[in-house]
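Undergrad: have a look; sequence and predicted model below, questions after that.
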Amino acid sequence: MLTDFERLLNHVTDTDHEWGPFLFLRPGREERMTSLRVGALAALYGILAGCVVNVVVRLTGEHGGSVPPLLFPLATTLGFFALYRATFAVSWNRRAARIARGERE
C-alpha cells in the first residue's frame, strides 16, 4: 500500500504541469529533493496562497484588522513545507535512492 502511494506521489511530481511556473526547481529523477528545494517551493506557493487568504479576509471583513498581514503567508509556507517534505520529498528521495543503487523504478 505504501508503494502504491509512493508511485502515485511520484506520478504527480513527474508531471510537468503540476510544477506550474516552477518547473525549473524540479530535480532530476536520480537527484534527491533537498530541504532547500522543498523550502523554495513551499515559499513560492505558500506566500502566494497566504496573500490570497489575506485578500479574502480583508474583503470579507472577518477579523477586522486584528490579523497581522504576515501571518497567513508565513503559516501557509510552513504548512506547505511540512506537507511537501513529509510526502512528495520522501517518495521522490526513495526513488532517487533506488535509481542510485541501480534498481528498477
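TA: Yep, that arrived. Residues are numbered from 1 along each chain as shown.
Undergrad: for the one helix or strand residue 43 maps to, name the packing helices and strands.
TA: Taking DSSP states H and E as the criterion, residue 43 maps to helix 35-60. Judged by 3 or more C-beta pairs under 8 Å, 6 or more residues apart in numbering; DSSP states H and E, the packing partners of helix 35-60 are helix 71-86, helix 88-100. Just so you know, the C-beta spots here come from the backbone N, C-alpha and C atoms, and that holds for glycine as well.
Undergrad: distance to residue 15, mean pLDDT and mean neighbour count for those helices - can I get that in TSV?
TA: What follows is the helices and strands packed on helix 35-60, written out as TSV (distance: least, C-beta to C-beta, whole Å; pLDDT from 0 to 100; neighbours: other C-beta atoms under 10 Å):
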stretch	distance to residue 15	mean pLDDT	mean neighbour count
helix 71-86	15	96	17
helix 88-100	12	94	17
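Undergrad: contact partners for residue 100?
TA: When contacts are counted by C-beta atoms under 8 Å, 6 or more residues apart in numbering, residue 100 touches residue 30.
Undergrad: what about the helix holding residue 43, distance to the chain center?
TA: 11 Å (C-alpha atoms, centre = their mean, to the nearest Å).
Undergrad: next: stretch 98-105.
TA: How far stretch 98-105 lies from its chain's middle: 24 Å, per C-alpha atoms, centre = their mean.
Undergrad: in the chain, where is pLDDT below threshold?
TA: 2, 62-65, 105 (pLDDT under 70).
Undergrad: nearest residue to the middle of it?
TA: Nearest to the mean C-alpha position of the chain, by C-alpha atoms, centre = their mean, lies residue 84 at 4.1 Å.
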